[in-house]
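S.K.: attaching a predicted model along with its sequence, questions to come.
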2 protein chains.
Amino acid sequence: MNNSHPHTPEEGTDGEISSKNHRTVRVDLAERSYTVSIGAGLISKVGQLLTNLPGRKNTGRAVIITDSTVRQLYCADVMGSLQQAGFIADHIDFPAGEEHKNIRTYEVVMNALLSLEPPIDRKSIIIALGGGVVGDLAGFVAATALRGIDFVNVPTTLLADVDAAIGGKTGIDAPTGKNLIGAFHQPRAVIIDPTVLKTLPAGQMGNGLAECVKHGVIRNATLLDFIEENAEKIFSFDADILTELIARNVAIKSAVVAADEHEAGQRAHLNFGHTIGHAIEAAGGYGLVSHGQAVSLGMVAACHIARNRNLIDEQAIERLATILKKLSLPTRFADLPPLPEEVHDVGHLQDFIARDKKASLGRPRFILPAGQLGKVEIFDDVSEEEIKQAIMALMK
Amino acid sequence: MNNSHPHTPEEGTDGEISSKNHRTVRVDLAERSYTVSIGAGLISKVGQLLTNLPGRKNTGRAVIITDSTVRQLYCADVMGSLQQAGFIADHIDFPAGEEHKNIRTYEVVMNALLSLEPPIDRKSIIIALGGGVVGDLAGFVAATALRGIDFVNVPTTLLADVDAAIGGKTGIDAPTGKNLIGAFHQPRAVIIDPTVLKTLPAGQMGNGLAECVKHGVIRNATLLDFIEENAEKIFSFDADILTELIARNVAIKSAVVAADEHEAGQRAHLNFGHTIGHAIEAAGGYGLVSHGQAVSLGMVAACHIARNRNLIDEQAIERLATILKKLSLPTRFADLPPLPEEVHDVGHLQDFIARDKKASLGRPRFILPAGQLGKVEIFDDVSEEEIKQAIMALMK
């Protein structure tokens, strides 16, 4: 059955997608380099884009791995485009939700993949269709099926578009912590259709937008201007603005990854806002405070530490707060619905920070703005008192 | 507790092991290169050898992963040497046996690893202590814990010494087939003590020796002379002869791996004898015919195909058969204890060959001697009739 409904607004020769509203970003990782394609309508052109991947035969077995929610929305489109491009297409789905990103789901999906007839081989390709959970789990399945087969990311949330889909981190959660089991396995391509963001549940855009602000603070202050100027168009899902926003963020993320694929150095900059942010998210048991809300508060807290060290001035904090407010992201605990005591208890949060895996060598690692927004440095000497002061600032 | 009983017969400065009876082989894989150290007594020097690994801090957390059998024999020695060298040492074991090389065991071992206190970090190192099952499973745990940490192989069977421990293939079995889940993850070092082979169960040496003969047939006929001349010393566990035997085989295996790390080309040569061999092993439900016995029969069968194609002469088959007999390896089904009908039923075996994952593109792939013993080529055109004739030859 062919369920493809191609939009085909502009199409070049040889199946190449060409449009002033389509953007591509190259992720430069030597022989593991790949292209991120961003544009309205690409969800129905996945098959076509895969036939253009260098070093791959044009056809073969392609298996979509997705979750129960995204399957209902976009699986038919992608299946149709794969079949139209000549692939033997299948799909496997698992229940939506971060709580399913575990070894049990990995096992079920892997066994389903290895039971397909005719069997997959090393030339088969996985399509990870969904948000960050799908990309992480499907990527890990691809990394470990037959000791590693190709996969492409087709993210369907803004958070996955600008963050999880780029960089090759794959994995699942363990009982003792998130993302503790996994592999570095780069996708062969990333295909992003911003029009699918319209179907995101309310509030989900904030998770991606917090990471966009983070990218601006760590690398490029003019991205902050772009976000501020275009906030309304972003929330009304203007396809051209979303394409531009995603392309700029993918360019920043991929440049950081290209410089430090296995997180030995500057890739740590991407943790700006995440040290205290993770603690707030974890203290709420995940789900009470969203990732975007937690990172938003974490970025404000980090800036307070930086201001108290005279690394940035008061104006920088105010500028960050203005942008976050425009994006409906919190800058103080009071901006959130009433929370249980422990989520904003200083001692409790400090316990979570100490427990974070990146803090195993003693003091927690902080990424702080240095001099101005757009530039950060790594600090391993932030004291408990400084952290306490920063958390207290969120309570004003 | 320090359970180390170091033999320390010869020891150079700076912890370097120096002896005319110690051999090292370099596995040349660019930035993933590593050294295989072979010598009597090395089982008690694992910690010392690890402190000399380039690019690693001298101490940190080291975790032995082993099985219930090997734990009782050698875990205390290795634990002691790790502690003596300054490591925080732990060990995790799982029940011995190929039937435990599955995702359930992987999960239990992984959760135990991720629950250690203080927690492991990316600088921690795994020591895979045991036979092929341990190396495969512990290597896969190392490949996927925290998205990949270092590991070293300390093999304790001849089969693991000359085959599984070299080359970076890690993984576990799936319900639909062996080794279908895994990763390529090269060890940082391989440490082989031939004196531990004395504790192998009877018959286990044959599994390794069949692979040694295979290495001779695919790359180096003088290795066949060495094996033939030293068969008695091998079976009496002469440490110098075993060191030499292992070093020669490791050199062949590692040269093949270095030329083709991810099995895109000549690494397939290592499957000589395994196409029909795997079918015989699988037809017996694994365990009835040992891997070494199955490969031995498979090599003879492959040589029959080669002889019928005039690729080699009758003398070559006779030479191979003479060596295998000297090693108590079978050259005909009649050399084995009486087997159920299906294990030597031609049609049944051909079904298993067709089902093999390496055969997914149509005809099964065969590695056949070409011209003489010591040289092989890949053939994808072997007919069912040729396979049938070769299996029939094993029944004479």
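M.R.: Yep, that arrived.
S.K.: ends of stretch A:283-300, what's the gap?
M.R.: Terminal residues of stretch A:283-300 are spaced 18 Å apart (C-alpha to C-alpha, to the nearest Å).
S.K.: would you mind listing what in the stretch 51-200 of chain A touches chain B?
M.R.: A:103, A:107, A:110-111, A:114-115, A:118-119, A:121, A:140, A:143-148, A:169-171, A:174-177, A:179-184 (C-beta under 8 Å from any C-beta of the partner chain). Where C-beta positions appear, they are placed from N, C-alpha and C, glycine not excepted.
S.K.: give me every residue that touches A:Phe235.
M.R.: A:Met205 (C-beta atoms under 8 Å, 6 or more residues apart in numbering or on different chains).
S.K.: separation between it and chain B?
M.R.: Noted for A:Phe235: a distance of 35 Å to chain B, by C-beta to the nearest C-beta, to the nearest Å.
S.K.: could you check the pLDDT of that residue?
M.R.: pLDDT recorded at A:Phe235 is 96.
S.K.: in strands, which of the residues of the stretch 51-200 of chain A next to chain B fall?
M.R.: Counted as lying in strands by DSSP state E, out of those, are A:Lys169, A:Thr170, A:Gly171, A:Ala174, A:Gly177, A:Asn179, A:Leu180, A:Ile181, A:Gly182, A:Ala183, A:Phe184.
S.K.: ok, how many other residues are close to the nearest residue to A:Ile241 once chain neighbours are set aside?
M.R.: Of all residues not flanking A:Ile241 in the chain, A:Lys233 sits nearest, at 4.2 Å (C-beta to C-beta, 6 or more residues apart in numbering or on different chains). Burial measure for A:Lys233: 15 neighbouring residues, criterion other C-beta atoms under 10 Å in any protein chain shown.
S.K.: any of the ones in strands among the residues of the stretch 51-200 of chain A next to chain B buried? List them.
M.R.: For those, a neighbour count by 16 or more other C-beta atoms under 10 Å in any protein chain shown gives the buried set as A:Lys169, A:Thr170, A:Gly171, A:Ala174, A:Asn179, A:Leu180, A:Ile181, A:Gly182, A:Ala183, A:Phe184.
S.K.: need the max-distance pair from those.
M.R.: A:Ala174 and A:Phe184 (17.1 Å; C-beta to C-beta).
S.K.: mind listing what the residue lying closest to A:Thr105 once chain neighbours are set aside touches?
M.R.: With C-beta to C-beta, 6+ apart as the criterion, A:Thr105 has its nearest non-adjacent residue at 4.9 Å, and that residue is A:Phe94. Residues in contact with A:Phe94 (C-beta under 8 Å, 6+ apart) are A:Ile65, A:Asp67, A:Ser68, A:His100, A:Thr105, A:Val108, A:Val109, A:Leu137.
S.K.: what about the stretch 151-300 of chain A, any weak spots by pLDDT?
M.R.: For the stretch 151-300 of chain A, no stretch is flagged by pLDDT under 70.
S.K.: a markdown table for the buried ones among the ones in strands among the residues of the stretch 51-200 of chain A next to chain B, including distance to A:Glu261?
M.R.: A markdown table is the format used below for these (distance: C-beta to C-beta, whole Å):
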| residue | distance to A:Glu261 |
| --- | --- |
| A:Lys169 | 10 |
| A:Thr170 | 13 |
| A:Gly171 | 15 |
| A:Ala174 | 23 |
| A:Asn179 | 16 |
| A:Leu180 | 19 |
| A:Ile181 | 19 |
| A:Gly182 | 14 |
| A:Ala183 | 12 |
| A:Phe184 | 7 |
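S.K.: closest to A:Ala294 among the residues you listed?
M.R.: Nearest to A:Ala294 among these is A:Asn179, at 15.7 Å by C-beta to C-beta.
S.K.: quick check: the closest one touching A:Ala164?
M.R.: No: here A:Asn179 does not reach A:Ala164: they are 10.4 Å apart, not a contact under C-beta atoms under 8 Å.
S.K.: who's in contact with A:Phe226?
M.R.: By C-beta under 8 Å, 6+ apart, the neighbours of A:Phe226 are A:Glu244, A:Leu245, A:Arg248.
S.K.: give me the element it is part of.
M.R.: helix A:221-229 (DSSP states H and E).
S.K.: give me the distance from the helix or strand following that helix to the chain's centre.
M.R.: Using DSSP H and E, the helix or strand that directly follows helix A:221-229 along the chain is helix A:231-235. Remark: helix A:231-235 is offset 19 Å from the chain centroid, using C-alpha atoms, centre = their mean, to the nearest Å.
S.K.: alpha carbons of helix A:231-235, in PDB - could you do that?
M.R.: The C-alpha coordinates for helix A:231-235 follow below in PDB (Å, rounded to 0.1, in the frame of the first residue of the first chain):
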ATOM      1  CA  ALA A 231       8.900  34.700  18.500                       C
ATOM      2  CA  GLU A 232       5.300  35.200  17.300                       C
ATOM      3  CA  LYS A 233       6.100  33.600  13.900                       C
ATOM      4  CA  ILE A 234       7.700  30.700  15.600                       C
ATOM      5  CA  PHE A 235       4.500  30.100  17.700                       C
END
